[in-house]
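J.: kindly return the folded structure for what I paste below:
(one chain, ligands or ions: 1)
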Amino acid sequence: MALVPFDDRDGVIWYDGVMVPWRDAKLHVLSHGLHYASGVFEGERAYSGNIFKLRAHTDRLIASARILGFEIPYTADEIDAACNAVVAANGFTDAYVRPIAWRGAEQLSVSAQQTKIHLAIATWAWPNLFGDNRMKGVRLDIAHWKRPHPETAPTASKAAGLYMIGTLAKHAAEAAGFEDALMLDWRGHVAEGTGANAFFVFDGEIHTAVPDCFLNGITRRTVMSIARRHQMKVVERTIMPEEMPRASEVFLAGTAAEVTPVRQIGPHHFTPGPITETLLRDYEGLVRMAPAQVEALAPI
Ligand code: PMP
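T.: Below you'll find the model as predicted:
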């Protein structure tokens, strides 16, 4: 299927407080965000007309910006309202939502204290990150690129610059015939995917890496809560790559990926199984519940 370019579509984009026609949502080539990656973004999904865990995404957007040293000039309530408004204005009930905040073009040097902060929010139809391949399980290569030490990069921020590593890792995996990459961290521990967290089933228990140098995803936390509600044991610990072949099931969890079974990591093969299936189905049910019902389910 031919890609429809992202700058040539119908619809509207919320841009610095106003809805602008999609094709007019432009910025100057000397924007600081483009040259120095001074940008942070979110990835959200609307299901049945509601953006799942919207406030958690908005809070993370604001927190990501603060980690990069800037303040988004809108309140969380205003950002939530803008996200909902742009989904409605484009006539979607189910869609991906992408808020992005960045430093403008007032100053173009490493120092950027004088830049104005911009915020744009776009939304588009994006059924699943892995499309038709999702249910049979995706194939991941083990990336050479590593998740950096938290003192080397702002790893707790959903900072645009960190995705440079993800794109390098994913392109290498695709060139080798895989769909995505599994990333280790700078210590050689198992970390995550390029755009989702990773889970492993060992002896019927669900294990996942400690998120000390990558995002503690909203989906990750949701899936852990669902698993505990099913009385499944969830363990956060250091996972070494040598352990991976012992896993009976592997899956990814992220807003775009949702719950996606994994059938291969490098030379190791896995069969999507009942634990992944249960969590996938429950996640699909949860995201379509009314926001008040979701809120009423305290995280466990
Ligand atoms: N890790 C990375 C690198 C990501 O891009 C994402 C997607 N935001 C995640 C993990 C999962 O985060 P979430 O579940 O909050 O979408």
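
J.: just the helices in this structure please.
T.: 32-36, 54-67, 76-89, 163-175, 218-229, 274-286, 291-296 (DSSP state H).

J.: lowest mean pLDDT across those, which one is that?
T.: When the helices of the chain are ranked by mean pLDDT, helix 291-296 comes last with a mean of 86.

J.: convert the C-alpha atoms of that helix to CSV, please.
T.: Provided in CSV are the C-alpha atoms of helix 291-296 (Å, rounded to 0.1, in the frame of the first residue of the first chain):
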residue,chain,number,x,y,z
PRO,A,291,-12.9,6.8,31.2
ALA,A,292,-14.7,6.9,34.6
GLN,A,293,-14.7,3.1,34.7
VAL,A,294,-11.0,2.9,33.8
GLU,A,295,-10.3,5.4,36.5
ALA,A,296,-12.3,3.4,39.0
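
J.: quick one: contacts of it?
T.: 50, 52-54, 286 (Cβ atoms under 8 Å, 6 or more residues apart in numbering). Bear in mind the C-beta positions are built from the backbone N, C-alpha and C, glycine included.

J.: by mean pLDDT, flag the weakest helix or strand of this structure.
T.: helix 291-296 (a mean of 86; mean pLDDT, DSSP states H and E).

J.: buried residues, it. List them.
T.: Buried positions in helix 291-296, judged by neighbour count with 16 or more other Cβ atoms under 10 Å: none.

J.: out of the helices of the chain, which gets nearest to Ala257?
T.: With Cβ to Cβ as the criterion, Ala257 lies closest to helix 218-229 of these, at 7.7 Å.

J.: pretty sure Glu42 sits against Ala82.
T.: No. Look at Glu42 against Ala82 with Cβ atoms under 8 Å: they stay out of range, at 11.8 Å.

J.: looking at those two, which has the bigger crowd around it?
T.: Between Glu42 and Ala82, Glu42 has the larger neighbour count (other Cβ atoms under 10 Å), namely 24 against 21.

J.: hmm, back to that, go through the helices of the chain and name the closest to the ligand.
T.: For those, the distance to the ligand is smallest for helix 218-229, at 3.1 Å, taking Cβ to the nearest ligand atom.

J.: what is that closest one packed up against?
T.: Using 3 or more Cβ pairs under 8 Å, 6 or more residues apart in numbering; DSSP states H and E, the elements in contact with helix 218-229 are helix 54-67, strand 197-202, strand 205-208, strand 234-236, strand 249-254, strand 258-265, helix 274-286.

J.: most packed of those?
T.: strand 249-254 (a mean of 27; mean count of other Cβ atoms under 10 Å).

J.: tell me which strands it pairs with, and in which orientation.
T.: If you go by DSSP bridges, strand 249-254 pairs up with strand 197-202 (antiparallel), strand 258-265 (antiparallel).

J.: who wins for proximity to Asn90 among the ones you listed?
T.: strand 258-265 (20.9 Å).

J.: ok, and what's touching that closest one?
T.: Strand 258-265 is contacted by residues 45, 128-130, 134-142, 178, 182, 196, 198, 219, 223, 244, 249-253, 269-272, 276, 279-280, 283-284, 287 when judged by Cβ under 8 Å, 6+ apart.

J.: which ones among those come in contact with the ligand?
T.: Restricting the contacts of strand 258-265 to those touching the ligand (Cβ under 6 Å from any ligand atom) yields 196, 219.
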